[in-house]
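Q: predicted model and sequence follow; I will ask about them next.
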Amino acid sequence: MNLSEIFFQAISLVGGLSFFLYGMHIMGEGLAKISGGRLERILERLTDNRLKAVLLGAGITAVIQSSSATTVTVVGFVNSGIMKLGQAVGVIMGANIGTTMTSWLLSLTGIESQNFFIRLLKPSSFTPLLALVGIILIMRAGQDKRRDVGAIFIGFAVLMFGMETMSGAVKPLAEVPEFTGMLTMFSNPILGMLAGTLLTAIIQSSSASIGILQALCATGSVTYATAIPIIMGQNIGTCVTAILSSIGAGKNAKRAAIVHLYFNVIGTVVFILAFYGLNMILHFAFMGVPANAAGIAVVHSLFNIGATILLLPFANGLEKLAVLTVQAGEDERDSEFARLDVRFLETPALALEQCRHSVNEMARLAQENVTTALADVLDGNKRKKVKQTEEKINRYERELTEYLHKISMQNLLPENSDDCNMLLYCIRDFERMSDHACNIADESAKIAKSGAIWPKKTRKELKVYTAEIQNIVSVTVDAFVQRDTDGARAIDSMEERIDALNKKVKKQNLKRAKKEKCSPEIGIFMNELSINFERVADHCENIAISMLGQLDNEDGEEEE
């Protein structure tokens with residue numbers, strides 16, 4: 001081959017790699033949308049059984065086709081305190097097994113047979129049909145989920161096209177002595193491991209780097225002596241994504257990333273020592289044989305499954321080693337806001353789920369603040385406590401609003417977008433409810449300081465009024481937390497009853513003032529309290545309206 005031919009083959013190789021990476025991105029994004037955060041929620045509810053954790057990690061990674069995505073999610077869960085470090089160890093091990101599924105899919109490109117049914121398994125035979133179905137789904141489907149399925153098909157077709165293009169581009173390079181000589185150089189275990197580590201660290205995808213290695217097998221110049229150390233290095237390089245993700249996270253999140261690194265490094269060292277030790281004695285004949293795509297998948301699977309079997313009994317040791325590496329210190333985020341982790345933004349449905357947990361906490365705090373302010377409203381001794389809770393609620397509003405705006409900037413499904421908007425509206429109303437609780441506490445302090453004598457009838461009316469407000473707030477918060485449609489629908493009639501009660505109280509208060517049965521000062525106090533009571537009820541109604549609007553949208557989409 002002359003220089004110009006090598007140049008054009010190199011361009012074709014780069015183009016194939018670009019298609020490959022883009023196809024993997026499109027397919028992964030479609031799979032993540034289809035899952036809607038459900039896979040991650042399964043991880044969140046993970047039991048302490050390590051074997052189940054391994055199987056779960058393997059299964060989820062096989063579905064979403066990315067061990068990096070799984071480990072980054074695990075790092076986020078550990079950082080948020082949702083998952084313990086001990087639980088994360090098993091999932092990380094399983095993720096390494098699950099990622100081998102990609103190499104098996106890519107190995108289909110190496111199928112060679114004249115049999116009709118076997119040829120159908122070759123991606124170049126069926127991916128054009130997948131691409132056709134995918135584009136029809138994207139262009140004609142009315143539902144977003146069908147479009148996401150279309151995106152998965154298109155992504156897979158593009159990925160396989162990129163793989164075929166890379167294989168076709170490197171095949172002629174088998175005639176170039178310099179190229180084959182360079183590949184032979186990587187048969188040195190140390191150099192091969194470094195090459196695999198650097199390549200995977202740069203593109204941050206072990207699946208992609210395995211795909212490149214499988215494409216290079218088309219030259220016939222990649223022997224198992226060359227491929228094996230490169231595969232070992234690729235397993236180490238894939239840890240870079242999790243380590244980068246743990247920067248700025250809490251100590252346990254850093255430890256989870258370190259567990260991933262130690263697992264792959266220790267597994268690689270043990271495998272290299274054992275394998276090359278045996279090779280020195282037995283002189284494996286296959287080492288000089290050219291590797292193929294299926295052979296790469298076999299080595300990749302054997303290493304990851306073997307490393308898991310070897311190290312799973314020592315999972316506690318890996319955990320302790322990570323704890324020794326990352327010493328105890330202060331976490332970077334307050335525990336109540338640890339759920340709002342930027343790592344979850346890659347999966348908006350999961351980020352919204354975590355956000356909802358925090359909004360639920362805020363709702364309960366707002367309920368607590370209103371209840372505290374209304375308790376013994378004439379005594380005026382709750383002001384300090386109410387103010388302290390209000391400061392906490394204000395912090396929730398700032399953190400949640402900022403996080404929800406970040407979520408809204410992601411590529412959201414319509415139902416996720418509706419959920420995001422609903423939460424933003426409700427956050428504002430919960431915060432305003434707490435503001436009115438502060439106003440009520442302030443009025444209570446003024447009442448206590450004034451020493452005014454309250455008529456029995458006025459006290460009785462106030463007691464009935466506060467009970468109604470406590471009830472509507474309790475029903476509202478319960479309905480919001482439990483996503484209870486019936487509870488939300490009941491709020492409208494409760495709010496109307498409070499409006500009627502408010503008019504009645506004001507009217508009775510005005511009569512007593514005219515007949516001089518109570519002081520004008522009490523009339524002013526009662527009026528201020530009534531205004532804040534009514535505002536609290538109004539915000540409860542706003543929350544119910546936001547909830548019902550969002551839930552009705554979900555029901556409409558399900559009917560479609």
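A: Nice, I can see it.
Q: now tell me which helix or strand of this protein has the poorest mean pLDDT.
A: In the chain, no helix or strand scores lower on mean pLDDT, DSSP states H and E than helix 38-44, which sits at a mean of 67.
Q: which helices and strands does the helix or strand that comes right after that one pack with?
A: Per DSSP states H and E, the first helix or strand lying C-terminal to helix 38-44 is helix 50-64. Applying 3 or more Cβ pairs under 8 Å, 6 or more residues apart in numbering; DSSP states H and E, we find helix 50-64 packed against helix 3-35, helix 38-44, helix 67-80, helix 85-98. (Each C-beta comes from the backbone N, C-alpha and C, glycine too.)
Q: the same query, at a cut-off of 6 Å, please.
A: If you count contacts as 3 or more Cβ pairs under 6 Å, 6 or more residues apart in numbering; DSSP states H and E, helix 50-64 packs onto helix 67-80, helix 85-98.
Q: can you give me the mean pLDDT across the first one?
A: Read that as helix 67-80. Mean pLDDT, helix 67-80: 83.
Q: helices or strands up against it?
A: Helix 67-80 is packed against helix 50-64, helix 85-98, helix 239-245, helix 251-282, with contacts defined by 3+ Cβ pairs under 6 Å, 6+ apart.
Q: give me the contact list for the third one.
A: Judged by Cβ atoms under 6 Å, 6 or more residues apart in numbering, the contacts made with helix 239-245 from elsewhere in the structure are 68, 71-72, 75, 201, 204, 257, 260-261, 264, 343.
Q: buried set for the helix or strand hosting M166?
A: Assigned by DSSP H and E, M166 falls within helix 144-170. For helix 144-170, the neighbour count (16 or more other Cβ atoms under 10 Å) marks 144, 147-167, 169-170 as buried.
Q: what's the answer for stretch 458-475, then?
A: 458, 461-462, 465-466, 468-470, 472-473, 475.
Q: chain center to the longest helix belonging to the chain: distance?
A: The longest helix of the chain (DSSP state H) is helix 520-559. Distance of helix 520-559 from the chain centroid (Cα atoms, centre = their mean, to the nearest Å) equals 32 Å.
Q: list the residues that contact G90.
A: 50, 53-54.
Q: in a markdown table, list those residues along with neighbour count and pLDDT.
A: What follows is the contacts of G90, written out as a markdown table (neighbours: other Cβ atoms under 10 Å; pLDDT from 0 to 100):
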| residue | neighbour count | pLDDT |
| --- | --- | --- |
| R50 | 19 | 83 |
| A53 | 26 | 88 |
| V54 | 24 | 91 |
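Q: picking up where we left off before, quick check: which of the buried residues of stretch 458-475 has the minimum pLDDT.
A: Among those, pLDDT bottoms out at T458, giving 80.
Q: how much space between that residue and I469?
A: T458 is 16 Å from I469, where distance means Cβ to Cβ, to the nearest Å.
Q: same check on C355?
A: C355 is 28 Å from I469, by Cβ to Cβ.
Q: could you do M163 as well?
A: Distance of M163 to I469, given as Cβ to Cβ: 65 Å.
Q: centre of the chain versus the host helix or strand of V323, how much separation?
A: In this assignment (DSSP H and E), V323 forms part of helix 315-325. In terms of Cα atoms, centre = their mean, the centre of helix 315-325 is found 25 Å from the chain centre.
Q: put the alpha carbons of it into CSV.
A: The C-alpha trace of helix 315-325 is given here as CSV (Å, rounded to 0.1, in the frame of the first residue of the first chain):
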residue,chain,number,x,y,z
ALA,A,315,-15.8,-8.1,49.0
ASN,A,316,-15.5,-7.0,52.6
GLY,A,317,-11.7,-6.8,52.1
LEU,A,318,-12.2,-4.6,49.0
GLU,A,319,-14.5,-2.4,51.0
LYS,A,320,-12.0,-2.1,53.9
LEU,A,321,-9.2,-1.4,51.4
ALA,A,322,-11.2,1.5,49.9
VAL,A,323,-11.9,2.8,53.4
LEU,A,324,-8.2,2.8,54.2
THR,A,325,-7.4,4.6,50.9
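Q: from the contact counts, what lies against that helix?
A: helix 85-98, helix 251-282.
Q: what average pLDDT does the shortest one get?
A: This points to helix 85-98. 90.
Q: next secondary structure element downstream of it?
A: Following helix 85-98 in sequence, per DSSP H and E, is helix 100-106.
Q: any residues touching that following helix, and which ones?
A: 62, 65, 163, 207, 210-211, 214, 297, 300-301, 304.
Q: out of the helices and strands packed on helix 315-325, which is closest to V481?
A: V481 sits nearest to helix 85-98 of all those, at 25.5 Å, using Cβ to Cβ.
Q: surely Q410 meets P348?
A: Yes: using Cβ atoms under 6 Å, Q410 is in contact with P348, at 4.5 Å.
Q: now for the helices and strands packed on helix 67-80, which one comes closest to V133?
A: helix 50-64 (19.9 Å).
Q: who touches the closest one?
A: With Cβ under 6 Å, 6+ apart as the test, helix 50-64 has contacts from 31, 39, 46, 67, 70, 87, 90-91, 93-95, 97-99, 101, 315.
Q: again, but for stretch 494-511
A: Counting by Cβ under 6 Å, 6+ apart, 461, 468, 472, 523, 526, 530, 534, 537, 541 sit against stretch 494-511.
Q: show me the residues around the last one that make contact.
A: Yep, that's E541 we're talking about. Residues counted as contacts of E541 (Cβ under 6 Å, 6+ apart) are 491, 495.
Q: try it again at 8 Å.
A: By Cβ atoms under 8 Å, 6 or more residues apart in numbering, E541 lies in contact with 491-492, 495.
Q: kindly reformat these as JSON lines containing secondary structure.
A: Formatted as JSON lines, the contacts of E541 follow (DSSP: H, G, I helix; E, B strand; the rest coil):
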{"residue": "I491", "secondary structure": "helix"}
{"residue": "D492", "secondary structure": "helix"}
{"residue": "E495", "secondary structure": "helix"}
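Q: which one of these is nearest to H436?
A: Of all these, H436 sits closest to E495, with 14.3 Å by Cβ to Cβ.
Q: coming back round to it: among the contacts of helix 50-64, which one sits closest to Y22?
A: Each of those was checked against Y22 using Cβ to Cβ; the closest is L31, at 14.9 Å.
Q: pretty sure the closest one is touching M24, no?
A: No: using Cβ atoms under 8 Å, L31 is not in contact with M24, being 10.5 Å away.
Q: mind checking how far the residue positioned nearest the centre of the chain is from K406?
A: Here the mean C-alpha position of the chain is nearest to the C-alpha of F344 (Cα atoms, centre = their mean), at a distance of 3.3 Å. Plainly put, F344 is 10 Å away from K406 if you go by Cβ to Cβ.
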